[in-house]
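**Q** sequence plus the predicted model coming up.
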Amino acid sequence: MIASTTQIFPKGVIGFLRFLFHLYRVRNLLAGYPGLISFDFNRGWRTLTVWENEESMKRFRNDGVHLAAMKDTRKIGRATTVSWETLHAPTWQEAIRRLDKRP
């Protein structure tokens, strides 16, 4: 399995509104996406997804809706992403710990 977590730091009201726009679209895309095991969003502007394999994760990452969100990141704010192989679905504590270790 592959886990991936992202933390977004929106800048200003416009960045926040852009984030919400993309979050709604990406969340709809995630529902039932092939290869997705689980996904979650929390109040800390974080996402956590778990995938069957790296190919599934990359297919989603490069999908039009998600790709558009990634291309808009600079207008939204700043983002940090960490992905790793795992044998279990990680907890939020593990995901946050990995984000905090990222430079």
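**A** Received, thanks.
**Q** show me where the chain has its strands.
**A** 2-10, 36-42, 46-51, 77-85 (DSSP state E).
**Q** dump those strands to TSV, plus mean pLDDT.
**A** Formatted as TSV, these follow (pLDDT from 0 to 100):
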stretch	mean pLDDT
strand 2-10	94
strand 36-42	92
strand 46-51	95
strand 77-85	95
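**Q** in a markdown table, list these along with distance to residue 101 and mean neighbour count.
**A** (C-beta placed from N, C-alpha, C; glycine too.) Output for those, formatted as a markdown table (distance: least, C-beta to C-beta, whole Å; neighbours: other C-beta atoms under 10 Å):
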| stretch | distance to residue 101 | mean neighbour count |
| --- | --- | --- |
| strand 2-10 | 12 | 19 |
| strand 36-42 | 18 | 14 |
| strand 46-51 | 15 | 21 |
| strand 77-85 | 8 | 15 |
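**Q** export those as TSV, with columns for distance to residue 29.
**A** Putting the strands of the chain into TSV (distance: least, C-beta to C-beta, whole Å) gives the following:
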stretch	distance to residue 29
strand 2-10	15
strand 36-42	10
strand 46-51	11
strand 77-85	17
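**Q** and of those strands, who's closest to residue 21?
**A** Judged by C-beta to C-beta, the one of those that comes nearest to residue 21 is strand 2-10, at 11.4 Å.
**Q** report all helices and strands that that closest one contacts.
**A** Under the contact criterion of 3 or more C-beta pairs under 8 Å, 6 or more residues apart in numbering; DSSP states H and E, the helices and strands touching strand 2-10 comprise helix 12-30, strand 46-51, helix 54-61, helix 73-76, strand 77-85, helix 92-101.
**Q** which of those sits most buried?
**A** Of all the helices and strands packed on strand 2-10, strand 46-51 has the most neighbours on average by mean count of other C-beta atoms under 10 Å, namely a mean of 21.
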